[in-house]
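Asker: Can you look at this prediction? I've put the sequence above it.
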Amino acid sequence: MPVYVYTGRNMRTNSSVSGERFSSTPQALAAVLRREQVSPLTIKEKKEGGLNFSFKKKVTQQEVAVFTRQFSVMLDAGLPLVQALDAIGQQHPNPQFKTILEQIRTDVESGSTLSDAMAKHPKTFDTLYTNMIAAGETGGILDTILQRLSTFIEKLVKLKRALRSALIYPATILTIAIGVVAVILWKVVPVFRTLFEGFNVALPLPTRIVIVASSLMESYIIPVAILIALGVFGLRSYYKTDNGRHVVDRTLLKLPVLGDVLRKIGVARFTRTLATLITSGVPILEALVVTAKTAGNAILEDIIYKIRERIEGGGNMTEPVRESGFFPPMVSQMISVGESTGELDSMLVKVADYYEEEVDVVVANLLTLLEPLLMVFLGVIVGGIVISMYLPLFKLIQVLSGG
């Protein structure tokens, strides 16, 4: 749907107004503005591309969680749907989110359901969100569904933070280490190499290795940088393919320590998502499809579809979960109890709570262990290069002193 930039005049205050909104046609936007007591003067479609350096602020999951909670409180207090959307949209600090909420409000005013209006903005409101909103509208419990959604998104944001904490810190230290070593080899070692060329002494093996590495760095730094950039681009492009996702996700799950963290995050996300959908009244077959699409891991996604096939064929959920090899035995046991007692959603919530706490503990322990190890690694690499450069000087001093 195109975005239109408009200017106009407020009919009540006679003040100038301007902005931009989604609309199907300029005429539809003009009609909406007139209902809001704004007399439109100009309406032009916003052109994208070219030398346009105005970056849109992305709508974060945290902002969606805050909106969802505010929205549920307003509806619970008896505020009409359109008025609640207008109240939140008018005061929202993110212009992109504000524009989206205005478009949703316009669509709802035009007779669209809230879930259909939100489905037009999949980057902000994903399949899981719109399915739960649809279930809430059907069951007449929209405010309750919104409360569950806000809690779910907040917990999901917490899981993603745990994953980032597990990945970003070691990646940052390794990047700094590579950068420091590259600068030393590129700029510092050549100075020593020139100095050593004037000496008529045999260089120690560590010094020769560092000098060879420095020569390679000087000669091939640009091709190496290009190859690294192409490698990163190629890996990202490969990961966007179905086969690439499966290969990369399977490899990550096999990594020591990190693979265990990713597996626990996958279990927590799967159980939390499925429990939230089932509790909200979404049929289990439909809930499994939504859960698979939001699993975040291609291997887990395939497993969820297999679970759905078994249930659709008249089987239970416990057996395919146990046979998958992805889930720990405790998960299949809890699911078995839930299916036997008719409290599957409650058991899934308990599993999600347990594994979210497990992830927090594992990540905290991992970071505590990694910090000294990475510092030692950085010190050994940099210190080894420095010592290898000073070894010939020690030998020269011995020669000059007649030792």
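Answerer: Here it is on my side, so go on. Note that the coordinates shown come from a computational prediction; the quantities given were computed from them, not determined experimentally.
Asker: Which positions within stretch 12-20 qualify as buried?
Answerer: 17, 20 (16 or more other Cβ atoms under 10 Å). All C-beta spots, glycine's among them, are computed from the backbone N, C-alpha and C.
Asker: Compute the first-to-last residue distance for that stretch.
Answerer: Distance across stretch 12-20, first residue to last, is 21 Å (Cα to Cα, to the nearest Å).
Asker: contacting residues around the residue most central in space within the chain?
Answerer: Nearest to the geometric centre of the chain sits residue 160, at 6.5 Å (Cα atoms, centre = their mean). Shown in contact with residue 160 (Cβ atoms under 8 Å, 6 or more residues apart in numbering): residue 61.
Asker: Swap in 6 Å and give it another go.
Answerer: Applying Cβ atoms under 6 Å, 6 or more residues apart in numbering to residue 160 gives no contacts.
Asker: mind listing the helices for the stretch 201-350 of the chain?
Answerer: Applying DSSP state H, counting those that start in this stretch to the stretch 201-350 of the chain gives helices spanning 205-239, 242-254, 258-279, 284-293, 298-312, 318-324, 329-341, 344-400.
Asker: and residue 79, which of the three is it?
Answerer: Judged by DSSP: H, G, I helix; E, B strand; the rest coil, the three-state class of residue 79 is coil.
Asker: okay, now it: neighbour count?
Answerer: Look at residue 79: counted by other Cβ atoms under 10 Å, it has 15 neighbours.
Asker: Show the model's pLDDT score for it.
Answerer: Predicted confidence (pLDDT) at residue 79: the value is 83.
Asker: Where does the closest residue to it other than its chain neighbours sit, in terms of helix or strand?
Answerer: Take residue 79 and drop its neighbours on the chain: the residue closest to it by Cβ to Cβ, 6 or more residues apart in numbering is residue 87, 7.3 Å away. For residue 87, the host element (DSSP states H and E) is helix 81-91.
Asker: Can you name the residues in contact with the helix or strand following that helix?
Answerer: For helix 81-91, the following helix or strand on the C-terminal side (DSSP H and E) is helix 95-109. Under the criterion Cβ under 6 Å, 6+ apart, residues 21-22, 32, 56-57, 59, 63, 82, 85-86, 89, 92, 114, 117, 121, 124 lie in contact with helix 95-109.
Asker: and which of those residues is nearest residue 325?
Answerer: residue 124 (35.4 Å; Cβ to Cβ).
Asker: And for the closest one, the neighbour number?
Answerer: For residue 124, the tally of surrounding residues (other Cβ under 10 Å) stands at 20.
Asker: now residue 380
Answerer: With other Cβ under 10 Å as criterion, residue 380 counts 11.
Asker: Read off the pLDDT value for it.
Answerer: Residue 380 is given a pLDDT of 86.
Asker: got the contact list for residue 193?
Answerer: Residue 193 sits next to residue 211 when contact means Cβ under 6 Å, 6+ apart.
Asker: what about 10 Å?
Answerer: Applying Cβ atoms under 10 Å, 6 or more residues apart in numbering, one finds that residue 193 lies in contact with 203, 207, 210, 211, 214, 215, 218, 389.
Asker: among these, which ones are buried?
Answerer: 203, 207, 210, 211, 214, 389.
Asker: circling back to that earlier point, so the residue nearest to residue 79 is in contact with residue 67, correct?
Answerer: No - counting by Cβ atoms under 10 Å, residue 87 stays clear of residue 67, with 11.3 Å between them.
Asker: more neighbours, these two?
Answerer: A direct count of neighbours by other Cβ under 10 Å for residue 87 and residue 67 places residue 67 higher, at 24 against 15.
Asker: before we move on, which element is that one in?
Answerer: Element membership of residue 67 [criterion: DSSP H and E] is helix 61-76.
Asker: what separates that helix from the chain centre, distance-wise?
Answerer: Relative to the centre of its chain, helix 61-76 is centred 20 Å away, using Cα atoms, centre = their mean, to the nearest Å.
Asker: quick one, it and helix 95-109 angle?
Answerer: 40 degrees (axes from the mean of the first three to the mean of the last three Cα atoms, to 10 degrees).
Asker: can you pull the buried residues of helix 61-76?
Answerer: 63, 64, 65, 66, 67, 68, 69, 70, 71, 72, 74, 75.
Asker: okay, the helices of the stretch 201-350 of the chain, which one's buried deepest?
Answerer: Using mean count of other Cβ atoms under 10 Å, the stretch among the helices of the stretch 201-350 of the chain with the largest mean neighbour count is helix 258-279, at a mean of 23.
Asker: can you tell me the average pLDDT over the helix or strand in which residue 115 is found?
Answerer: Element membership for residue 115 (DSSP H and E) is helix 114-119. Confidence over helix 114-119 (mean pLDDT, whole number) is 88.
Asker: so how far is that helix off the chain centroid?
Answerer: Centre to centre, stretch against its chain (Cα atoms, centre = their mean), the figure for helix 114-119 is 23 Å.
Asker: Thanks again, I'm all set now.
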